[in-house]
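*Asks:* attaching a predicted model along with its sequence, questions to come.
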Amino acid sequence: MVVGCPVVFQAQVAINADGVSANPSAMLDIKSVTRGMLVPRMTTAERAGIASPATGLLVFDTETNSFWFYNGTQWEQLVKTSQLPGPVVITPALLTATTNNYNPTGFESATIVRVSGDNGIQMITGFNAETIGEEKTITNVGNHPLYLAPEHAGSTAANRIAYFEEVMIPPGTSCRIIYDGVLSRWRPIDPPCPNYANIKRSIHYDRSAGKPAEDPSDDLQLGVFGTLSQAVASPSATSPLSSWHFNTGTATGGGLGVFFSKTTENMAYVSGAHIVGKMHIKTPTELSDDINYYYVFLRLAALPFSGFWDQNNSLGIRYRHNVNNGYWQCYSRSGNTDTVLDTGILFEVDTEYELMVTLNKSKTEATYFINGAVVGRISTGLPAAVPVGPSNHLEKLAGASARSMLVYRFMGAAIAP
């Protein structure tokens, strides 16, 4: 009588026709150029009936015609490439006004959203919150620019957009967004760049520090009132970028600023374009006070060459020691009346700030940014429909002690529909 006994092999096993040993990393090494390997084949019910399947167990389901493996908790199908889902494209209706909590039909499953807007250069303030990590491509298929407005109260918190400035989406371009579940915000991860440049029907100036404008081809205009001076400050350990050095010296009064463009003070027409101004500065090393009195501003203004604090038809971000308790202030002025709000950001000495202001084309909202964060929005008392331009300025009103400001960058842009 022959008795069969189970045999346990401790060595590696090689199955082949050429007698080559198994690969050192493999317990079982099967090699053939004419045959394959068959794993157990069974119906779906038979697969589901396997008692206590081991993690990694692999079978072929004859009903789904696909391989399945057990992940330790449940069975998962190994999907064929032909079974992978393709893009889901939707084309919602034309946007004709500001859109909050954007959730057009089919948005939840869409991977590409083909948007368009009218000549108002409409904004989207938020998208319906979706699954953490979900990505969507927003493509402008219309004839006019659109933009995403970050941290806008028009949309509920979980639907808002997190970004350091507005995201312009010109016609024919796309912006990819992803839902950040930690922050509960949509994040642009592939916005058109540079953001306000290279857009049809637009103007874009962007200058870093250098010598004053010297010939008609220069974009920048330097304005000096009184005996203030401007020089180029070289990079240093405490100021790693080159800058324009605005210095009052011992003058008791006067001002100094830079403007776009060289041959005209005004860049664009309010209600005719989306208008932007930005500057990156380092503040004076001492605060303004009643003895040595100065103020600083970035603004969009009619007659931007003027250094007056209360310039009519202007809006911007400004500091003055006896206004707003020494905090940066947002303002808009029309009809010689100010609309103001507190940024909550203290003006601190010897400190860098990046300030940005925008006014939308429909003249319904001005947005104010400090260091990449929205610090306020004003929707009333906006400038009249007049030509305006961007400017940044240091103005001295009293005192013989020198006060100086470093300006690293100045930018202005206007986008027409």
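*Replies:* Now that the structure is in, tell me what you want to look at.
*Asks:* got the domain ranges for this protein?
*Replies:* 13-82, 89-190, 202-415 (automatic domain parsing).
*Asks:* please, which helix or strand holds Glu46?
*Replies:* Using DSSP states H and E, Glu46 sits in helix 44-48.
*Asks:* just checking, what packs against that helix?
*Replies:* Counting contacts by 3 or more CB pairs under 8 Å, 6 or more residues apart in numbering; DSSP states H and E, helix 44-48 packs against strand 58-61. Using the backbone N, CA and C atoms, a C-beta is placed for each residue, glycine as well.
*Asks:* which residues are contacting the strand it packs on?
*Replies:* Residues outside strand 58-61 that contact it (CB atoms under 8 Å, 6 or more residues apart in numbering): 38-44, 47, 50, 66-69, 77.
*Asks:* just checking: what are the partner strands of it?
*Replies:* Partner strands for strand 58-61, per DSSP bridges, with pairing direction: strand 41-42 (parallel), strand 66-70 (antiparallel).
*Asks:* tell me the most buried of the ones you listed?
*Replies:* Burial of the strands paired with strand 58-61 is given as mean neighbour count (mean count of other CB atoms under 10 Å); strand 66-70 ranks first at a mean of 16.
*Asks:* so for the helix or strand following that one, what gets flagged as buried?
*Replies:* Downstream of strand 66-70, the next assigned helix or strand under DSSP H and E is strand 75-77. Residues Trp75 are the ones in strand 75-77 that count as buried (16 or more other CB atoms under 10 Å).
*Asks:* repeat for stretch 373-385
*Replies:* For stretch 373-385, a neighbour-count test (16+ other CB under 10 Å) marks 374-378, 381-383 as buried.
*Asks:* on that earlier part again, export the strands paired with strand 58-61 as a markdown table, with columns for mean pLDDT and distance to Gln329.
*Replies:* Converted to a markdown table, the strands paired with strand 58-61 look like this (pLDDT from 0 to 100; distance: least, CB to CB, whole Å):
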| stretch | mean pLDDT | distance to Gln329 |
| --- | --- | --- |
| strand 41-42 | 96 | 74 |
| strand 66-70 | 92 | 63 |
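*Asks:* adding distance to Ser236, write those out as JSON lines.
*Replies:* Output for the strands paired with strand 58-61, formatted as JSON lines (distance: least, CB to CB, whole Å):
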{"stretch": "strand 41-42", "distance to Ser236": "74"}
{"stretch": "strand 66-70", "distance to Ser236": "61"}
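*Asks:* ok, which of those strands comes nearest Ile415?
*Replies:* Proximity to Ile415 (CB to CB) singles out strand 66-70 among the strands paired with strand 58-61, at 51.2 Å.
*Asks:* so what's the gap between the closest one and the chain middle?
*Replies:* 42 Å (CA atoms, centre = their mean, to the nearest Å).
*Asks:* can you check stretch 320-329 too?
*Replies:* In this view, stretch 320-329 has its centroid 28 Å away from the chain centroid, taken as CA atoms, centre = their mean.
*Asks:* end-to-end on that stretch?
*Replies:* With CA to CA, to the nearest Å applied, stretch 320-329 spans 9 Å between its terminal residues.
*Asks:* picking that back up, going by distance to Asn198, which of the contacts of strand 58-61 wins?
*Replies:* Closest to Asn198, out of all of the contacts of strand 58-61 and judged by CB to CB, is Gln77, at 45.7 Å.
*Asks:* skipping its backbone neighbours, what lies nearest the residue most central in space within the chain in space?
*Replies:* Centroid check for the chain by CA atoms, centre = their mean gives Tyr163 as the closest residue, at 3.5 Å. Computed as CB to CB, 6 or more residues apart in numbering, the closest residue to Tyr163 that is not its neighbour in sequence is Pro150, at 4.4 Å.
*Asks:* measure that neighbour to His144 for me?
*Replies:* With distances taken as CB to CB, to the nearest Å, Pro150 is found 20 Å from His144.
*Asks:* quick one on the thing from earlier: would you check that the residue nearest to Tyr163 makes contact with Glu166?
*Replies:* Yes: using CB atoms under 8 Å, Pro150 is in contact with Glu166, at 6.8 Å.
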